[in-house]
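Chemist: below is the structure, and that's it, no one-letter string:
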């Protein structure tokens, strides 16, 4: 790098900026410190790994709306409600 160049990304910043990675980290913290500290965190499923859990929850709560967000898109691209 020259002295005029700047780095605009920090190493491992995707752990906070990607929705799936952030949820995984928050879920680990919730397990370690208890769920009472994480009441702000909505029910979340990371697909396709948790597809069976999502299907079960959708069966138990018919008519409930779900927000689907792509893991690495930004500015609302690819978001839809089902």
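Modeler: Received the coordinates, thanks. Quick caveat, the model's predicted, so the values are computed rather than measured.
Chemist: what is the burial count for residue 10?
Modeler: 9 (other CB atoms under 10 Å). To be clear about C-beta, it is placed using only N, CA and C from the backbone, and glycine gets the same treatment.
Chemist: separation between it and residue 72?
Modeler: 17 Å (CB to CB, to the nearest Å).
Chemist: quick one: the strands in the protein, in order.
Modeler: 67-68, 80-81 (DSSP state E).
Chemist: with distance to residue 39 added, can I get these in JSON lines?
Modeler: As requested, the strands of the chain are exported to JSON lines (distance: least, CB to CB, whole Å):
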{"stretch": "strand 67-68", "distance to residue 39": "18"}
{"stretch": "strand 80-81", "distance to residue 39": "23"}
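Chemist: which one of these is the most hemmed in?
Modeler: Counting by mean count of other CB atoms under 10 Å, strand 67-68 has the highest mean neighbour count of the strands of the chain, with a mean of 10.
Chemist: paired strands for it, with orientation please.
Modeler: Partner strands and pairing direction for strand 67-68 (DSSP bridges) are strand 80-81 (antiparallel).
Chemist: what pLDDT, on average, does the strand it pairs with get?
Modeler: Per-residue pLDDT over strand 80-81 has a mean of 92.
Chemist: other residues contacting that strand?
Modeler: For strand 80-81, contacts defined as CB atoms under 8 Å, 6 or more residues apart in numbering pick out 65, 66, 67, 68.
Chemist: re the thing from before, wait, which of the strands of the chain is closest to residue 57?
Modeler: strand 67-68 (13.6 Å; CB to CB).
Chemist: number of residues surrounding residue 37?
Modeler: Residue 37: 11 surrounding residues under other CB under 10 Å.
Chemist: I figured it hits residue 30, correct?
Modeler: Yes - between residue 37 and residue 30 there is a contact at 7.3 Å, judged by CB atoms under 8 Å.
Chemist: helices or strands next to the lengthiest helix in the chain in the packing?
Modeler: Ordering each helix of the chain by length in residues (DSSP state H) puts helix 19-33 first. Judged by 3 or more CB pairs under 8 Å, 6 or more residues apart in numbering; DSSP states H and E, the packing partners of helix 19-33 are helix 14-17.
Chemist: understood, closing this out.
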